[in-house]
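just coords:
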């Protein structure tokens, strides 16, 4: 890893220089929530944001995404890859994208996702956990790859980790804005990371989790929570690793139509329904358990399907807490 | 290749045949000879039919890859899309993409006995296996045990009756169980008393002997059927690794992205469209929710 | 050129907004006219006629004898009938008042006599079989457009099957229930409206009726209670547009 320092006074110039790459999107405050939006000036950025409603997934698989347009009875592709910058991603969201990569970049490659992924310059930023975060216990609190540049807060600027050739080139072009990292900076970096490590209020011990949950398939805890759950799908919509989509053809006028995909939720009754009426997940209990199992699936080569961002907890109307559910289910085995 | 796996290729409907009051057999050929040439598949794989502007749906291939130049799909009128397709005519063009899924491991089973157990519409993918096996002649003996509701519901009736009559010359035994009595069924039963009976598909195992070390069972049918058939096979000491089932799930993409067909728990997540639709009974034992 | 389909729009008792909403399709209306000819858009003249409709759109509740007669006419003379708007699909506001008609007349007019032959207001779906139900107060006109084009092209329209929350999140609106404590029925209400109310910072009022299937009003009730709303308020909120019989 290559490290450089961006002094505070150069931050704005650096930020503005990113616009040469393409449109810049960053975290912006909207009411009581945050959202990734196009940003013109540094002042619009909410760099101390906790988490956005929709994760950065929305730039790669859009909430409503046009796949094809019907022209003369044939589909025309809508693949486009205009360059853009995603500024200020937290480590958990970068891990979230890596999980999506394994699905969408797996053969056969999803051309929409890939074009946008290739066109995106990703700038990470350090963060402090709030009461919802549990990324540390999943090992997603620090990104070692999946970004071009990663900014770590220092008292007088930013320690920048360079994660790709592209990131290196961008820094190179703005060489005059950067300085070498001093021992003092490293000390501050370490202090920040220690402070951050101690700030987590939630954790889910990973050990044996996948097995224990599988064994607890019939635990009454699932049922208790399924009764509380509204099956509204909010947790799916805001999840950085949920990737189910539904495809719909839509008429735009009398003779032309578009094929769109949109985020779908496994809490919908239709999710497991096949033509003819058989439903493979007929009850809310089935669907509730399904989501938790999908999130807690442990892939030996890649880890869990959850990055601990805390979105599902923050936006659950019923106040269901992911970690608590898993802990209680696991606890019910003992 | 267009590079877009969701893009379908034009295929012309060459023939539409009523198999039953609710199932039609569509024979299709790709318009582009190059696509047609490149389209190779294995029994048990499926395609997605794309009616542009209206939607898509998955459907298993029911013709054998040994019969080249066309593909056949058996379409039951059950939903919005299939109702629409039932109204299509010879000469109409639809989009087809695929083939998808793993299919049955036909090569691995060469030289062995095959027991095909079909229930209802489950006959469609197994017909692909049946003709593949009979056309290639690479399999010891092929049983087809077919459970149907009534005489009118028998899919590929001509072929079934043909094989009832002449199957033995091809090392093939076809047996049929029906639930609803009718003059046609009774007539059939009289003609083939040892092969046709009133009952359920598991009744057809009666009187059949097979070498469990050299036999594979291939099952397809409605979800309720699997349990009973598997019980029968396990009683006869067939290994769970020799029992293959092809499964149905909601599918949108066919390529392991859209998530609808995900099954399993924290220790085993599988995509039916990509990791299946053919699974062994061992997979079902180790993956909750598979059957 | 294929013969155009004959379309009839029938209004029972309602505010008129659902019929008007069709006209708000503006240029999309011309797309519909590629496939349809409008045979009836006002009820008065049709009753005695011999017309046959390929598609009938019925708005409003059955609130009088006249409504009921008109509805039966529309049903008998049409191939495909769509109950359009929450009045027609769920009974809406007038359908949710749970008093026998005589008592209502007495409460309002001080007299039980019923010169208008008023009935207990009920949705269209309680009197006739409908081929498609499209709720909303008013319904989403784009959804009606999709449904009518689909029917014209010979395919069943797609039914929405998700709650308001889905579209709310697709649009990335601030959650008014979680973040502002507003009484929002989004989680238990059928979506398709594109979460317009939440877009304006308001809670969902449930105008599209309960989400069909295994919906969880009990949990929604508990959530609203925990946010300080009282029993009566919540129950009234739930019942504004539909009697809760999912």
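Yep, that arrived. Here the structure is a predicted model, which is why all the values come from computation and not from measurement.

who touches residue C:36 in this structure?
C:4-7, C:54-55, C:148, C:152 (C-beta atoms under 8 Å, 6 or more residues apart in numbering or on different chains). Glycine gets a C-beta too; all of them are placed from N, C-alpha and C.

looking at the sheet around it, what are its partners?
residue C:5 (DSSP bridges).

picking that back up, quick check, nearest of the contacts of residue C:36 to residue A:57?
Closest to residue A:57 out of these is residue C:148 (34.1 Å), distances taken as C-beta to C-beta.

for residue B:188, what are its contacts?
Taking C-beta under 8 Å, 6+ apart as the definition, contacts of residue B:188 comprise B:151, B:161, B:164, B:176, B:196.

circling back to that earlier point, I'd like the contacts of residue C:36 as JSON lines, with distance to residue A:135 and pLDDT appended.
JSON lines is the format used below for the contacts of residue C:36 (distance: C-beta to C-beta, whole Å; pLDDT from 0 to 100):
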{"residue": "C:4", "distance to residue A:135": "60", "pLDDT": "92"}
{"residue": "C:5", "distance to residue A:135": "57", "pLDDT": "93"}
{"residue": "C:6", "distance to residue A:135": "61", "pLDDT": "91"}
{"residue": "C:7", "distance to residue A:135": "56", "pLDDT": "92"}
{"residue": "C:54", "distance to residue A:135": "58", "pLDDT": "94"}
{"residue": "C:55", "distance to residue A:135": "54", "pLDDT": "95"}
{"residue": "C:148", "distance to residue A:135": "48", "pLDDT": "97"}
{"residue": "C:152", "distance to residue A:135": "51", "pLDDT": "96"}
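
Select, from the contacts of residue B:188, the two members most distant in space.
B:151 and B:164, at 13.1 Å, using C-beta to C-beta across the contacts of residue B:188.

Does residue B:119 touch residue B:225 like I think?
Yes: contact criterion C-beta atoms under 8 Å: residue B:119 and residue B:225 qualify, at 4.2 Å.

what residues do these two have in common as contacts?
What both residue B:119 and residue B:225 touch, as defined by C-beta under 8 Å, 6+ apart, is the set B:147, B:201.

Give me the more crowded residue out of the two.
residue B:119 (26 against 22; other C-beta atoms under 10 Å in any protein chain shown).

so what's that one bridging to?
residue B:147.

Quickly list the domain ranges of the chain.
Picked chain A for this. A:2-197, A:209-331 (automatic domain parsing).

Let me rephrase: I mean chain C.
Taken from automatic domain parsing, chain C resolves into C:5-152, C:164-239.

least reliable of those domains going by mean pLDDT?
Per-segment mean pLDDT for the domains of chain C reaches its minimum on domain C:5-152, at a mean of 89.

Any idea how far apart the tips of it sit?
Start and end residues of domain C:5-152 are separated by 7 Å (C-alpha to C-alpha, to the nearest Å).

Now do it: distance to the chain's middle.
9 Å (C-alpha atoms, centre = their mean, to the nearest Å).

and the domains of chain A, which is most packed in?
Each of the domains of chain A was scored by mean neighbour count; the highest is domain A:209-331, a mean of 20, by mean count of other C-beta atoms under 10 Å in any protein chain shown.

and that domain, how far out from the chain's middle?
16 Å.

Reformat the domains of chain C into JSON lines and put distance to residue A:3 next to each item.
Below are the domains of chain C laid out as JSON lines (distance: least, C-beta to C-beta, whole Å):
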{"stretch": "domain C:5-152", "distance to residue A:3": "52"}
{"stretch": "domain C:164-239", "distance to residue A:3": "35"}
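
Compare those domains and give me the one nearest residue A:139.
domain C:164-239 (27.4 Å).

Buried ones from the contacts of residue C:36, can you make that a ChimeraX selection?
Provided next is the ChimeraX selection string for whichever of the contacts of residue C:36 are buried by 16 or more other C-beta atoms under 10 Å in any protein chain shown:
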select /C:5,6,7,54,55,148,152
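
what's the closest of the contacts of residue C:36 to residue C:238?
residue C:148 (31.3 Å).

Which strand or helix spans that closest one?
For residue C:148, the host element (DSSP states H and E) is helix C:141-152.

What residues does chain C have near chain A?
Contacts of chain C with chain A, taken as C-beta under 8 Å from any C-beta of the partner chain, map to C:28, C:31-32, C:34-35, C:145-146, C:149-150, C:158, C:161-163, C:165-166, C:169-172, C:174-175, C:177-180, C:184, C:186-188, C:213-216, C:218-220, C:222-223.

try 6 Å
C:31, C:34, C:146, C:149, C:161-163, C:165-166, C:169-170, C:172, C:174-175, C:177-179, C:187, C:213-214, C:216, C:219, C:223 (C-beta under 6 Å from any C-beta of the partner chain).

In helices only, show me those residues.
Those of these mapping onto helices are C:31, C:146, C:149, C:165-166, C:169-170, C:177-179, C:219, C:223, per DSSP state H.

Of those residues, select the buried ones using a ChimeraX command.
Buried residues within these, by 16+ other C-beta under 10 Å, are selected in ChimeraX with:
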select /C:31,146,149,165,166,169,170,177,178,219,223
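
now, which of the ones in helices among the residues of chain C next to chain A sits nearest residue B:288?
residue C:219 (26.1 Å).

The chain: strands as residue ranges?
Using chain A. Applying DSSP state E to chain A gives strands spanning A:2-7, A:23-30, A:33-38, A:64-71, A:74-77, A:84-89, A:120-125, A:149-154, A:157-162, A:245-251, A:257-263, A:298-299, A:303-304.

Correction: the question concerned chain C.
C:5-11, C:36-40, C:53-59, C:62-64, C:78-84, C:118-122, C:132-134.

Name the nearest residue to the residue in the stretch 51-200 of chain A that chain B sits nearest to, sequence neighbours excluded.
Residue of the stretch 51-200 of chain A nearest chain B, by C-beta to the nearest C-beta: residue A:108 (3.8 Å). Spatial nearest neighbour of residue A:108, chain neighbours left out: residue B:5 (3.8 Å); criterion: C-beta to C-beta, 6 or more residues apart in numbering or on different chains.

Shouldn't the one you found be within a helix?
No: assessed with DSSP: H, G, I helix; E, B strand; the rest coil, residue B:5 is coil; it does not lie in a helix.

what's near enough to touch residue B:22?
Residue B:22 makes contact with B:76-77 under the criterion C-beta atoms under 6 Å, 6 or more residues apart in numbering or on different chains.

from what I can see the residue of the stretch 51-200 of chain A closest to chain B touches residue B:255, true?
Yes: between residue A:108 and residue B:255 there is a contact under C-beta atoms under 6 Å: 5.3 Å.

any common contacting residues for those two?
residue B:5.

thinking again about what came up before, quick one: list the elements packing against the helix holding residue C:148.
Helix C:141-152 sits against no helix or strand, with contacts defined as 3 or more C-beta pairs under 6 Å, 6 or more residues apart in numbering or on different chains; DSSP states H and E.

what's the angle between that helix and strand A:257-263?
120 degrees (axes from the mean of the first three to the mean of the last three C-alpha atoms, to 10 degrees).

Strand A:245-251 and helix C:141-152, what's the angle between them?
Going by the same axes, to 10 degrees, helix C:141-152 makes 80 degrees with strand A:245-251.

centroid residue for chain B?
The centre of chain B sits closest to residue B:125, judged by C-alpha atoms, centre = their mean, with a distance of 1.4 Å.

gap between that residue and residue C:150?
30 Å (C-beta to C-beta, to the nearest Å).

Ok, residue A:187 next?
For residue A:187 relative to residue C:150 (C-beta to C-beta), the value is 66 Å.
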